[in-house]
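Chemist: coordinates for the following, if possible.
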Amino acid sequence: MKRTAPVLVLLIVGGIGVAADWPAWRGPTGQGYCEETNVLLAWSSKENVKWKVPLANQGNSTPIVCGDNIFVTQANKGGSERTLLCFARADGKLRWQKDVAYSDKERNWADTWYANASPTTDGERVVVSFGSAGMYCYDFDGKELWKRTDLGKWEHEFGSGASPVLHGDLAILWCGPNKNPKDRNFLLAVDKKTGKTVWEHDEKEGSWGTPIITKVDGKDQLLLGVGPHLKGFDPKAGKQLWQCAGLTSYVYTSPLFGNGVVVGMSGFGGDSIAVKIGGSGDITKDRLWLHKKPATQRVGSGIIVGEHAYMIDENAVPHCYELTTGKDLWTEVPRPKGTTWGSMVHADGRIYLLMRNGETLVLAAKPKYELLAINLLPGEQTNSSIVISNGQIFIRSFKNLWCIEKKS
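Modeler: Predicted coordinates:
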C-alpha cells in the first residue's frame, strides 16, 4: 500500500497530546487538546479560506486528519446509505468514498442523523461506526479490511453518537444506546487488525459520549459516563475498576480528566460531578462536587485547562468551574448568542467552540471571561466540532467541508 502520510507521532505528557494530526474524535487524547502555537484567531467566509468543498449529504460527525488525508462520514436522508469519505488535504479533492447500505429502519430524532460518530485512525487503518449498520475498517486506499455487522440494532429516539477509540492493538466501541431494556448497551473491544472480539462489557443503561483513555497513576484507564455513574475500566481486559454515582440519564458528553480529577456532565437538565480517582470499587465518597441540574441541556463536551473546567451549555451559557470545588466563576458574564452542540478545543491559551449557526467562538482559557473573536460562516449550520491540525482549521457544516488557513 502506498503511504500518503507519515505514521502518526503521538506524545502524551500529563494527559495532553502533542501531535500534528487530529486522528480521532477530539484529537490525539480524545479531550480536545492541541499543542500548536500561533493558531489562527480570525477568519470569515472570504478571509483566510484555503478551500471549501460541498458535501452531498448531512452529518453531525467531526472530521479527522492524518497526514495528507481528511476523513469524514455522511449519510443520506433516512440512513439507507452511510458513507466514509477521504479528501486530499492540499485542495479538498475527493480521493475515495465507501458506501454502506442499510435496509432496515433505524429509530432516530431526525432523518439526517445517521452519521454522528467520527472515524478514528492509527495512520494505517481507519475505523468507523455506522450505528446499527455496523463497525468497519479500511486502509488508506479505501480497501475494506474487516467489518462487524453483528452488533445488533441500536434503537433510541435520539440515535447514537459514540465514536470508536483505538488503543494499542484494540478498537473499542461503546455500542448503543438501546432504550428497550431487552436490548444491549455494551462496551466492545476488537482486534484492530482482524475485527475479532477481544472482550465485551454490558451496561444496563446507554449513553452517547465517546469514552476516553488516559493514564491514572501510571496505568491506562478507560473512562465512561453512563447514568447514573462515572466509571473507570481496564481497557486491556474490560474489567470495571471503579464507579462514582451522581450522573443522570442522557449523558452526551465525554468525561474530562485532569490533575487526578474526572468530571462528568449529564445532558437534558441533568447533574454534573467531579471525583478524585485512584481508588477502586464505589468511590462516590471521593466525589469533590455535585451540581444538581445546573443546565437546561449539554451536548458538546467541555475541557480542563489547569485548575479549571470550562463548559458552554447548549443555550450558550458559559461556565468556568474550579476543578476541586465546582465553584462557577462565570455566573455574571454575558451569554453569547446562539446555541451549540460543539465540543471545546484548547490551543495556544484559547478555547475554540463551534456554534450551530457556523460561528466559531474564541475564548481566553483563563478564569477571567474574555471573548476574543467571533468567526462567522454565513448561511451554514452544523452540529460538529472544530478541528485544528498543522496550522489549519477544519469545519464541517451540513453543506460543506471548510479548510481555514492564514494567508501568507
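
Chemist: run through who's touching stretch 97-104.
Modeler: Applying Cβ atoms under 8 Å, 6 or more residues apart in numbering, the external contacts of stretch 97-104 come out as 79-86, 130, 132-134, 136, 138, 142, 144, 153. Just so you know, the C-beta spots here come from the backbone N, C-alpha and C atoms, and that holds for glycine as well.

Chemist: starting at the chain centroid, how far to it?
Modeler: Its chain's C-alpha centre and that of stretch 97-104 lie 23 Å apart, by Cα atoms, centre = their mean, to the nearest Å.

Chemist: buried ones in the one helix or strand residue 202 maps to, by neighbour count?
Modeler: Element membership of residue 202, judged by DSSP states H and E, is strand 197-203. Across strand 197-203, burial judged by 16 or more other Cβ atoms under 10 Å covers 198, 199, 201, 203.

Chemist: what's it packed up against?
Modeler: Applying 3 or more Cβ pairs under 8 Å, 6 or more residues apart in numbering; DSSP states H and E, we find strand 197-203 packed against strand 185-191.

Chemist: swap the cut-off to 10 Å and go again
Modeler: Under the contact definition 3 or more Cβ pairs under 10 Å, 6 or more residues apart in numbering; DSSP states H and E, strand 197-203 sits against strand 170-175, strand 185-191, strand 219-226, strand 229-233.

Chemist: any chance of CSV for those, columns mean pLDDT?
Modeler: Output for the helices and strands packed on strand 197-203, formatted as CSV (pLDDT from 0 to 100):
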stretch, mean pLDDT
strand 170-175, 98
strand 185-191, 98
strand 219-226, 97
strand 229-233, 98
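
Chemist: looking at these, which is closest to residue 210?
Modeler: Each of these has some distance to residue 210 by Cβ to Cβ; the shortest is strand 170-175, at 6.9 Å.

Chemist: who does that closest one pair up with?
Modeler: strand 165-167 (antiparallel), strand 185-191 (antiparallel) (DSSP bridges).

Chemist: how far is the shortest one from where the chain is centred?
Modeler: To tie it back to what came earlier, the one meant is strand 165-167. For strand 165-167, the distance to the chain centre is 13 Å (Cα atoms, centre = their mean).

Chemist: mind listing what's buried in stretch 83-93?
Modeler: Residues 83, 84, 85, 86, 87, 89, 92 are the ones in stretch 83-93 that count as buried (16+ other Cβ under 10 Å).

Chemist: was I right about the last one contacting residue 405?
Modeler: No - between residue 92 and residue 405 there is no contact, the gap being 11.7 Å when judged by Cβ atoms under 10 Å.

Chemist: and for these two, which residues touch both?
Modeler: Jointly contacting residue 92 and residue 405 under the rule Cβ atoms under 10 Å, 6 or more residues apart in numbering are 50, 51, 394.

Chemist: what's the spacing between the second one and residue 65?
Modeler: Between residue 51 and residue 65 the distance, using Cβ to Cβ, to the nearest Å, works out to 14 Å.

Chemist: low pLDDT regions in the protein?
Modeler: 1-19 (pLDDT under 70).

Chemist: show the contacting residues for the closest residue to residue 158 other than its chain neighbours.
Modeler: Nearest residue to residue 158 in three dimensions, chain neighbours excluded: residue 109, at 5.1 Å (Cβ to Cβ, 6 or more residues apart in numbering). With contact set as Cβ under 10 Å, 6+ apart, residue 109 has these partners: 156, 157, 158, 159.

Chemist: and if we set it to 8 Å?
Modeler: 157, 158, 159.

Chemist: let's see which of these end up in helices.
Modeler: Using DSSP state H, the subset of those located in helices is empty.

Chemist: give me the buried subset of those.
Modeler: 158, 159.

Chemist: widest-spaced pair of the buried residues of stretch 83-93?
Modeler: 83 and 89 (19.0 Å).

Chemist: ok, back up a step: higher neighbour count, residue 51 and residue 65?
Modeler: residue 65 (26 against 17; other Cβ atoms under 10 Å).

Chemist: residue 252 touches residue 295, doesn't it?
Modeler: No - using Cβ atoms under 8 Å, residue 252 makes no contact with residue 295, being 11.3 Å away.

Chemist: so what sits against both of these two?
Modeler: Common neighbours of residue 252 and residue 295 (Cβ under 8 Å, 6+ apart) are residue 267.

Chemist: let me have the shared contacts of residue 92 and residue 405 in JSON lines, extended by secondary structure and distance to residue 96.
Modeler: Listed next are these as JSON lines, based on DSSP: H, G, I helix; E, B strand; the rest coil; distance: Cβ to Cβ, whole Å:
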{"residue": "50", "secondary structure": "strand", "distance to residue 96": "21"}
{"residue": "51", "secondary structure": "strand", "distance to residue 96": "18"}
{"residue": "394", "secondary structure": "strand", "distance to residue 96": "18"}
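
Chemist: can you redo those residues as a markdown table with distance to residue 400?
Modeler: As requested, the shared contacts of residue 92 and residue 405 are exported to a markdown table (distance: Cβ to Cβ, whole Å):
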| residue | distance to residue 400 |
| --- | --- |
| 50 | 13 |
| 51 | 10 |
| 394 | 11 |
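
Chemist: looking at those residues, which is nearest residue 376?
Modeler: Closest to residue 376, out of all of those and judged by Cβ to Cβ, is residue 394, at 16.6 Å.

Chemist: if I look at residue 369, how far off is residue 320?
Modeler: 7 Å.

Chemist: quick one, which of the two is more surrounded?
Modeler: residue 320 (23 against 14).

Chemist: part of a strand, is the more buried one?
Modeler: Yes - assessed by DSSP: H, G, I helix; E, B strand; the rest coil, residue 320 belongs to a strand.

Chemist: tell me the bridge partners for it.
Modeler: residue 310.

Chemist: is it correct that it is in contact with residue 365?
Modeler: No - the criterion here is Cβ under 8 Å, and residue 320 misses it with residue 365 at 9.2 Å.

Chemist: which residues do these two both contact?
Modeler: Between them, residue 320 and residue 365 share the contacting residues residue 310, judged by Cβ under 8 Å, 6+ apart.

Chemist: number of nearby residues for residue 378?
Modeler: Neighbours around residue 378, by other Cβ under 10 Å: 10.
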